[in-house]
Structure formats: C-alpha cells, structure tokens
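1. Need a 3D model of the sequence below.
(one chain, ligands or ions: 1)
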Amino acid sequence: MALFAVDALAEKPFRDEVLDLIRRDAVESWSAEDLLTWAVGKFHPRLTISASFGAPEGMVLIDMLHRIDPTTRVFVLDTGRLHAATYDLIDRVRDRYDKQVEVVFPDASEVESFVRAKGVNAFYESIENRKQCCQIRKVLPMRRYLAGVDAYVTGLRRDQNANRAETRKLAIDPAAGGIIKLAPLADWTHERVLEYVGQHQVPVNRLHREGYPSVGCEPCTRAIGPGDDPRAGRWWWENDEVKECGLHVHEESDGSGI
Ligand code: SF4
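-> Okay, here's the model as predicted:
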C-alpha cells in the first residue's frame with residue numbers, strides 16, 4: 001500500500017479521509033459504481049478517466065461515469081501512432097455521450113529529436129529505444145496532463161497480468177506526483193467486463209473482433225491466436241517480463257518498466 005509520496009495532497013481538504021481509507025483498505029469491498037460515485041463527489045471536476053480506447057475496460061468506465069455524472073472528464077494519449085480504429089472510437093464516444101474527449105499529445109520537439117536521431121521505427125531495434133519512445137509519447141504527456149487533476153481512474157484489473165496482481169482500488173500514485181489513482185474494476189474478470197459491454201451496448205474498439213484483446217500503438221500491437229496470452233500481441237519481439245509501457249508500473253519499480 002503506497003502511503004508515501006503524498007505531497008500533492010498536502011493542501012487538500014480530503015487528504016485525511018483518503019489516507020484513512022487507504023490505510024484500512026476500506027474501499028476494496030465497494031462496487032465499481034459506489035467507488036466512482038464517491039470519487040465524483042470528492043474530486044470532480046479534478047477527476048478524469050485514463051482511457052486508451054483500445055481496451056473494453058476504459059469504455060466501461062466511461063459509460064459508468066457518464067451515468068453518474070455526464071460532465072465527468074476523460075482523456076486519451078494520442079501517441080501519433082494509434083490505429084485508425086482507435087481514432088474512430090474516440091469520435092464515436094464524442095457522439096454517443098456528447099463528451100469532449102481530452103486528447104493529449106506528446107511534446108512535438110521531443111518526438112522530433114527522437115525520430116531524427118534514431119529513426120521513425122526505432123522501437124524495433126532495442127528495448128532502450130522502445131522505452132524511450134513510450135516515455136516521450138506516453139509517460140511524459142500523461143504526467144503533464146495529470147499535474148492538472150487530483151485523481152484519475154484506470155481500467156486496471158488484477159488478473160490482466162502478474163504486474164497488475166497487486167492493484168488496489170484506491171492508491172496514491174507516486175509516479176503521477178502523488179495524486180489519487182482509482183481502479184474500480186480491479187476485482188472484475190474479463191467476462192464481467194464483456195457482460196457489462198453487452199448489457200449497456202458500450203462502444204468498443206472494432207479490432208477486438210479481429211483478434212486484438214487490447215489495442216495499443218499500431219506498429220507495436222498485433223492480433224493473437226486462440227489460447228495465446230492476452231499480452232502476447234504487445235511488443236511481441238521482446239520477452240514477456242517487461243511488457244508494460246511505464247504508465248502503470250508498480251510503485252517499487254524504477255518507473256522504466258514497459
Ligand atoms: S507503443 Fe510503440 S509506438 Fe507507441 S509509444 Fe511505445 S514504442 Fe512508441
């Protein structure tokens with residue numbers, strides 16, 4: 001449980017309540033809807049959903065939060081290398097929920113320097129290059145964006161992979177300057193996510209139907225076969241231990257994991 005790095009909460013009126021809930025692990029028994037309702041009451045409009053538009057979990061959260069308060073915020077990192085299907089979904093969400101999706105871009109000069117020095121597809125050449133690309137196109141833009149909010153919601157689930165097995169529903173995120181990180185679906189299964197999608201006709205990325213369990217950047221994601229690990233289509237040329245992009249690394253790591 002992360003109780004360090006609470007600097008960003010130092011002046012916040014809700015600080016003591018949040019820290020007490022974390023210490024007691026109190027929200028672990030709350031439903032996703034109950035946790036989101038509490039979070040909207042506590043943090044909105046300085047609350048946002050981190051949605052990749054490439055996984056059904058983020059879409060479930062958008063739908064759920066929209067039912068609680070249609071003015072809740074959502075952002076997406078546009079790395080500049082997303083699939084066309086993902087851009088289509090961003091616009092479908094704008095239309096369906098009448099919601100202005102906050103599209104967050106990387107710093108153009110950082111991308112230019114990296115591409116000029118190493119090439120447009122340098123991520124295939126080494127893990128170091130790949131991590132640098134993710135850092136410039138994902139991690140740094142996300143940190144800059146999150147500096148303007150008090151709390152963010154993610155679609156992380158504990159059974160997605162070993163790195164996410166310890167995910168708490170309510171935590172402090174040291175990598176995001178010590179703001180609140182919520183994972184209301186932490187104890188959901190993949191089947192439960194799909195059930196919610198079907199029940200509420202939630203729009204999802206059309207590439208899921210073509211063998212992509214999750215959809216990341218176009219050059220770094222491919223379809224998988226029956227029985228493959230759900231993360232097998234991500235950075236498939238690397239080994240399995242390091243498959244995170246650095247957005248949701250565990251607190252004890254050095255922040256450079258993928
Ligand atoms: S997933 Fe691939 S293209 Fe996207 S930021 Fe990471 S390395 Fe770059």
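
2. all strands of this structure, in order?
-> 47-50, 73-77, 102-104, 151-153, 170-173, 179-182 (DSSP state E).

3. of all the residues in the stretch 1-150 of the chain, which ones are close to the ligand?
-> 79, 81, 123, 130, 133, 134, 137, 138 (C-beta under 6 Å from any ligand atom). In this view, the C-beta of every residue, glycine as well, is placed from N, C-alpha and C.

4. Reformat those as CSV; add neighbour count, distance to residue 36 and pLDDT.
-> Below are these laid out as CSV (neighbours: other C-beta atoms under 10 Å; distance: C-beta to C-beta, whole Å; pLDDT from 0 to 100):
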residue, neighbour count, distance to residue 36, pLDDT
79, 22, 27, 98
81, 17, 30, 98
123, 25, 35, 96
130, 20, 34, 95
133, 25, 33, 98
134, 24, 28, 97
137, 24, 28, 98
138, 20, 24, 97
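
5. List the ones among the residues you listed that fall in helices.
-> Members of these lying in helices (criterion: DSSP state H): 130, 133, 134.

6. okay, and the helix or strand of this structure with the least pLDDT?
-> Least confident helix or strand of the chain, by mean pLDDT, DSSP states H and E, is helix 15-23 with a mean of 92.

7. residues of that one that come out buried?
-> 18, 21, 22 (16 or more other C-beta atoms under 10 Å).

8. pretty sure residue 157 contacts residue 56?
-> No - Residue 157 is beyond contact range of residue 56, at 10.5 Å (criterion: C-beta atoms under 8 Å).

9. wait, what's in contact with residue 207?
-> Residue 207 sits next to 54, 83, 85, 86, 215, 223 when contact means C-beta atoms under 8 Å, 6 or more residues apart in numbering.

10. State the distance from it to residue 52.
-> Using C-beta to C-beta, to the nearest Å, residue 207 is found at 12 Å from residue 52.

11. can you give me the helices in this protein?
-> 15-23, 32-43, 56-68, 84-97, 108-118, 127-134, 140-146, 190-200.

12. Which elements pack onto the first one?
-> Secondary structure elements in contact with helix 15-23, counted by 3 or more C-beta pairs under 8 Å, 6 or more residues apart in numbering; DSSP states H and E, are strand 170-173.

13. Please name every helix or strand in contact with the strand it packs on.
-> Right, strand 170-173 is packed against helix 15-23, strand 179-182 by 3+ C-beta pairs under 8 Å, 6+ apart.

14. Can you say which of those is nearest to residue 9?
-> Closest to residue 9 of the helices and strands packed on strand 170-173 is helix 15-23 (C-beta to C-beta; 4.3 Å).
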